[in-house]
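Asks: below: sequence and its predicted model.
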Amino acid sequence: MSMHFSVLASGSTGNAFYVGTEKQKLLVDAGLSGKQLERVMSQVDLDPNDLNGILVTHEHSDHIKGLGILARRYNLPIYANEKTWKAMEGHIGKLTTDQKFNFQMETVKAFGDLEVESFGVSHDAAEPMFYVFRHNGKKVALVTDTGYVSERIKKTVEDADAYIFESNHDVEMLRMGRYPWNVKRRILGDKGHVSNEDSALALTDIIGNSTKRIYLAHLSQDNNMKDLARMSVGNMLKERGIPLGDTIDLFDTDPNHATPIYTLNDV
C-alpha cells in the first residue's frame with residue numbers, strides 16, 4: 001500500500017496534478033482542455049475512468065479550463081470550497097447536484113485511505129487553497145499560486161516527502177519583460193506568485209529529513225525558464241546546506257508533459 005503522484009501539467013497556461021493509492025485516485029485541478037487532460041494522463045498510463053474525484057484549488061482558468069468537461073464525461077465528483085464554487089459559476093457548465101461537494105479551507109477530509117488537508121494561500125482569487133496528501137506515514141505537499149509563503153503554510157507543509165512548489169518567475173526577467181506595469185505589480189505582490197528566489201527561501205525553511213523530491217511548478221512562460229529556475233533554486237538551497245543531488249532531487253515540470261509517476265514506498 002503506497003502513495004503515488006504525477007504533475008500532469010504545470011505552468012501559466014494550465015495545471016493538473018494526480019495523486020493516488022491502490023484504492024483512491026484523485027485529480028487536483030483541470031486547467032487544460034478535456035482532450036489535453038486525457039492526453040497528459042495517457043502519457044503516464046492513467047485512465048480517467050479510474051478517477052474518484054477532482055479537487056479544485058481556485059477558479060482561475062489555468063486551473064479549471066477542462067473541469068466541467070471532464071467531470072461530465074466521466075461522471076466525477078468535484079470538491080471545492082463555497083466561495084470557489086460561486087466564483088466558478090458560468091465557467092464550468094452544468095453539473096448534477098451529486099457531483100458538487102464542499103471542501104472547506106483549513107480542514108482535513110478522508111478520501112478512502114488518502115487523507116487530504118486543505119490550507120489557504122495568498123492569491124487574487126475568491127478563496128484559494130491548496131493541499132497536503134498523507135498516506136501510511138508519507139506526505140506530499142502541493143503549493144503554488146501564492147504571493148508569499150506564510151508561517152502557517154510552512155507549518156502545514158513542513159517535512160514532506162515530496163513538494164510540488166511554485167517557482168513562477170525570475171524577478172529581473174519579469175521587470176524587464178513585455179507585461180504592462182499593473183500586471184507586473186500583481187505578480188510581484190502579496191497576492192501574486194512566488195519568485196525563484198522566494199521559492200528557495202521558503203523551501204529552506206520547510207525541507208526536513210523526510211524530503212526526497214522537489215518539483216518546481218507553475219513556471220511563467222514569459223518570465224522564467226526551466227534551467228534558470230532550477231539553477232537559481234538549486235544554488236540557493238546548496239548555499240544553505242540542503243543536500244541536493246545527495247538525498248534530495250530537484251525536478252522540472254511542464255505545461256504539456258506529465259512527470260513520470262513516482263511512488264512513495266512505505267519503507
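Replies: That came through, no problem. Numbering: from 1, shown residues only.
Asks: which ones are touching residue 116?
Replies: 26, 55, 103, 108-110, 131-134 (C-beta atoms under 8 Å, 6 or more residues apart in numbering). For glycine as for every other residue, the C-beta is placed from the backbone atoms N, C-alpha and C.
Asks: what sits closest to residue 124 if chain neighbours are left out?
Replies: residue 191 (4.4 Å; C-beta to C-beta, 6 or more residues apart in numbering).
Asks: that neighbour - that's part of a strand, no?
Replies: No. Checked against DSSP: H, G, I helix; E, B strand; the rest coil, residue 191 lies outside a strand; its state is coil.
Asks: neighbours of it, how many?
Replies: 16 (other C-beta atoms under 10 Å).
Asks: so it sits against residue 123, correct?
Replies: Yes. Counting by C-beta atoms under 8 Å, residue 191 touches residue 123, with 5.5 Å between them.
Asks: so for residue 266, what pLDDT did the model give?
Replies: On pLDDT, residue 266 comes in at 58.
Asks: check which helix or strand residue 232 maps to.
Replies: Using DSSP states H and E, residue 232 maps to helix 226-239.
Asks: could you point out the helix or strand that follows that helix?
Replies: strand 249-251.
Asks: after that next one comes which helix or strand?
Replies: strand 262-264.
Asks: how much space between residue 151 and residue 206?
Replies: The gap separating residue 151 from residue 206 is 10 Å, by C-beta to C-beta, to the nearest Å.
Asks: kindly apply the preceding question to residue 256 instead.
Replies: Counting by C-beta to C-beta, the gap from residue 256 to residue 206 is 29 Å.
Asks: please say which of these two ends up with more neighbours.
Replies: Taking other C-beta under 10 Å, residue 256 and residue 206 do not tie; residue 206 has more neighbours (20 against 15).
Asks: nearest residue to that one in space, ignoring adjacent ones along the chain?
Replies: Once flanking residues are discounted, residue 206 sits nearest to residue 158: 4.5 Å by C-beta to C-beta, 6+ apart.
Asks: the protein: strands as residue ranges?
Replies: According to DSSP state E, the chain carries its strands in the segments 3-9, 16-20, 25-28, 53-55, 78-80, 100-102, 108-111, 114-120, 129-135, 138-143, 162-166, 213-217, 249-251, 262-264.
Asks: look at the nearest residue in space to residue 50 that is not next to it in sequence and report its pLDDT.
Replies: Spatial nearest neighbour of residue 50, excluding adjacent residues (C-beta to C-beta, 6+ apart): residue 25 at 5.3 Å. As predicted, residue 25 sits at a pLDDT of 98.
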